[in-house]
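Engineer: Predicted model, plus sequence, below.
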Amino acid sequence: MVVKNMFIFTFLFFILSIFVIVQAAPNSNITLSIVPGVLQTDIMDNNKVPVSAPTVALGNKNFSFDCQNGSNSATGNLGTNTQRVYVINPHAANNGWTLTIAATGSPTALWQNTSATQFFDFNDPTSSGCTDGSDADSRAGQLTIDPSVATITTDCLSCTLSGISLGSSASFNQGVTDSITLINAAAISDDAWRGYATGIGLSQTIPAEQAVDNYYINMTLTVTAI
């Protein structure tokens with residue numbers, strides 16, 4: 001009789017153990033963390049696809065025996081509908097950021113033709129770019145960038161323009177103004193923000209008697225967290 005009772009007790013304990021195990025199994029948790037991304041800038045088209053070789057074409061200028069500056073400068077726009085100047089801040093810069101532009105090849109860079117036989121400057125302020133100054137390149141010319149005439153557009157659901165401002169018109173001046181601010185984002189700006197600029201004004205002084213040819217200069221955009 002004692003043996004039988006022990007058997008019944010053992011059997012009930014086994015059944016209860018299975019019940020507890022079966023009941024506990026569905027309680028597993030699935031976890032996921034969303035973490036900040038990387039602050040970045042890029043040139044993208046209207047489908048948000050990066051442009052592999054972005055190019056800004058200034059208007060053609062005729063050969064001239066005189067310096068072409070002011071209203072006679074070569075002009076154009078950085079940022080079009082198919083080449084938008086993007087900044088993407090996925091909670092990476094919570095105290096704000098700045099977007100700047102500078103010559104890729106350092107302040108000593110020059111406009112040059114394809115064969116690198118003809119040059120002119122982008123950051124010589126002497127006579128508003130018409131005369132070579134104290135730098136070592138013996139070239140005249142100056143590039144002015146005016147972000148204040150641009151348009152900023154956001155393309156995310158929660159993004160606003162609060163705390164976002166355009167930079168002021170400025171001219172490159174070697175050793176003094178080697179980079180120009182295009183956009184400022186203050187600390188009150190959205191920590192999660194994506195948007196782009198179009199219509200940033202460009203104006204380049206052309207020195208007198210600059211040789212007929214096609215010229216280029218490389219520029220780099222940089223976004224920096226504050």
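Structural biologist: Sure thing, it's come through.
Engineer: what about the helix or strand hosting Val85, distance to the chain center?
Structural biologist: Element membership of Val85, judged by DSSP states H and E, is strand 84-90. Relative to its parent chain, strand 84-90 has a centroid offset of 6 Å by CA atoms, centre = their mean, to the nearest Å.
Engineer: and for that strand, what are the contacting residues?
Structural biologist: Under the contact criterion CB atoms under 8 Å, 6 or more residues apart in numbering, strand 84-90 has outside partners 36-46, 48, 78-79, 97, 99, 182-183, 185, 190-198, 200, 221, 223. For every residue, glycine as well, the C-beta is placed using N, CA and C.
Engineer: buried stuff in it?
Structural biologist: Arg84, Val85, Tyr86, Val87, Ile88, Asn89, Pro90 (16 or more other CB atoms under 10 Å).
Engineer: I would like a PyMOL command selecting only the buried ones among the contacts of strand 84-90, please.
Structural biologist: Filtering those down to the buried ones (16+ other CB under 10 Å) takes a single PyMOL command:
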select buried, resi 39+41+42+43+44+78+79+97+99+182+183+185+190+193+194+195+196+197+198+200+221+223
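Engineer: Keep only those of the contacts of strand 84-90 that are in helices.
Structural biologist: Among the contacts of strand 84-90, DSSP state H puts none in helices.
Engineer: Tell me which of the contacts of strand 84-90 fall in strands.
Structural biologist: Under the assignment DSSP state E, the contacts of strand 84-90 contribute 40-44, 78, 97, 99, 182-183, 185, 192-198, 200, 221, 223 to strands.
Engineer: roughly how far apart are the spatially closest residue to Ala211 that is not a sequence neighbour and Pro54?
Structural biologist: Take Ala211 and drop its neighbours on the chain: the residue closest to it by CB to CB, 6 or more residues apart in numbering is Gln118, 4.6 Å away. Distance, Gln118 to Pro54, using CB to CB, to the nearest Å: 24 Å.
Engineer: For the two, work out which one has more neighbours and name it.
Structural biologist: With neighbours defined as other CB atoms under 10 Å, Gln118 and Pro54 compare such that Pro54 has more, 19 against 16.
Engineer: show me what contacts the more buried one?
Structural biologist: Ile43, Gln83 are the contacts of Pro54 under CB under 8 Å, 6+ apart.
Engineer: Who does the nearest residue to Gln174 once chain neighbours are set aside form a beta bridge with?
Structural biologist: Distances taken as CB to CB, 6+ apart place Asn123 nearest to Gln174, at 4.4 Å, with adjacent residues excluded. With DSSP bridges as the criterion, Asn123 is bridged to Gln142.
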